[in-house]
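*Asks:* need coordinates for the following:
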Amino acid sequence: MTLSKSFFMLALAFVSMCVAAGAAVVALSGTGGSVGVTVVALGIALGILWRESKRDLDAVLTLISVFLILTALCTGIYLFSADRTGIAPKIALGASIAIGVTCGAITYRRQRSDSAAFPNVLLTAAPAASLFETEGVQFTGILTQGSGGKPHDLSVYLQNCFDAPRTVRIRFEAAGYEKYLRFYPEHRVTLGPAEVAKVVFSVVTPTYPGSYPLYLSIGVSGRDGKRVRLWRAQDATERTKAEATAALLAVGVLKLGGGLRFTVGPLPDDIWAATLTPPAQESLWRPRIGTVPLVQPVA
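*Replies:* Numbers count the residues shown, from 1 in each chain. Take a look at the predicted model:
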């Protein structure tokens with residue numbers, strides 16, 4: 001999961017729910033717990049969940065489902081180990097299981113559904129296992145071998161899942177093989193509401209035999225709008241450089257490089273000195289006017 005404002009707010013809601021549940025248990029046990037703590041923490045959690053549900057209902061349903069299932073697990077352990085537990089924990093156990101499973105089932109079905117107004121265009125370009133997602137933008141890459149005096153083409157497909165614009169920063173890294181490759185290391189793209197686009201990058205390599213790694217990752221800015229494409233791709237990770245991995249390892253954290261990895265081979269023609277073609281963007285799909293806010297007519 002990418003650390004973002006959405007992730008932070010949902011994490012804060014989860015912590016608040018845990019505090020509210022813990023304070024409620026202490027208060028009900030008669031050991032001096034504060035009801036005020038329960039009310040304040042629950043109010044914070046509900047406020048955050050209400051706000052986030054307007055943006056991404058499935059994220060909220062997933063959080064509630066996980067929290068209630070964990071609550072049911074803790075309650076079940078308590079019932080198993082304690083004597084004369086009373087009726088309240090049994091009611092809490094039953095309610096947690098029922099509501100948690102219901103929320104989980106609802107969001108599971110929603111996340112595997114499609115909308116006729118917002119088709120999953122990326123599935124026509126690549127299988128679901130090759131699609132990734134960062135902050136509501138789904139993406140994948142397809143490498144086409146160069147020939148006839150032309151460089152390799154790396155096509156990056158982008159699919160905005162929200163009904164508001166997003167700015168996408170596309171980044172490439174050769175992981176120490178930069179001297180063997182010529183490419184644009186970074187490029188910014190603006191996606192309209194729910195727009196699907198393709199950006200083609202040229203990659204130049206030598207003619208002599210060899211294979212070189214090229215990593216792709218994206219960063220997304222923009223948080224307005226509501227999610228309109230319910231289907232979700234797997235979470236993407238960003239490339240972690242070797243020096244960052246070593247620094248993290250020094251403090252006891254193991255984090256390996258992520259991102260999409262491509263293996264680029266040699267070109268049949270020597271075009272190393274040729275001018276590198278700038279990235280070319282093409283819009284593949286835009287929503288009909290009226291299906292999302294403030295969509296401008298397509299020229």
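
*Asks:* what about the closest residue to residue 121 other than its chain neighbours, distance to residue 223?
*Replies:* Closest residue to residue 121 apart from its sequence neighbours, by C-beta to C-beta, 6 or more residues apart in numbering: residue 196 at 4.3 Å. C-beta here means a position set from N, CA and C on the backbone, and glycine is covered the same way. As judged by C-beta to C-beta, to the nearest Å, residue 196 and residue 223 stand 20 Å apart.

*Asks:* tell me which of these two has more neighbours.
*Replies:* residue 196 (25 against 14; other C-beta atoms under 10 Å).

*Asks:* can you give me the helices in the stretch 151-299 of the chain?
*Replies:* Using DSSP state H, counting those that start in this stretch, the helices found in the stretch 151-299 of the chain span residues 242-250.

*Asks:* quick one: low-confidence parts of it?
*Replies:* Flagging of the stretch 151-299 of the chain using pLDDT under 70 yields the residue ranges 238-258, 294-299.

*Asks:* any buried residues in the helix or strand containing residue 54, and which?
*Replies:* Element membership for residue 54 (DSSP states H and E) is helix 35-55. By neighbour count on 16 or more other C-beta atoms under 10 Å, the buried set for helix 35-55 is 37, 38, 41, 42, 44, 45, 48, 49, 52, 53, 55.

*Asks:* repeat for stretch 73-83
*Replies:* Across stretch 73-83, burial judged by 16+ other C-beta under 10 Å covers 74, 75.

*Asks:* what sits up against it?
*Replies:* Stretch 73-83 is contacted by residues 85, 89, 90, 92, 93, 96 when judged by C-beta atoms under 8 Å, 6 or more residues apart in numbering.

*Asks:* now the first one: how far from residue 98?
*Replies:* Read it as residue 85. The spacing between residue 85 and residue 98, counted by C-beta to C-beta, is 19 Å.

*Asks:* for the fourth one, same thing?
*Replies:* When distance is defined by C-beta to C-beta, residue 92 is 11 Å away from residue 98.
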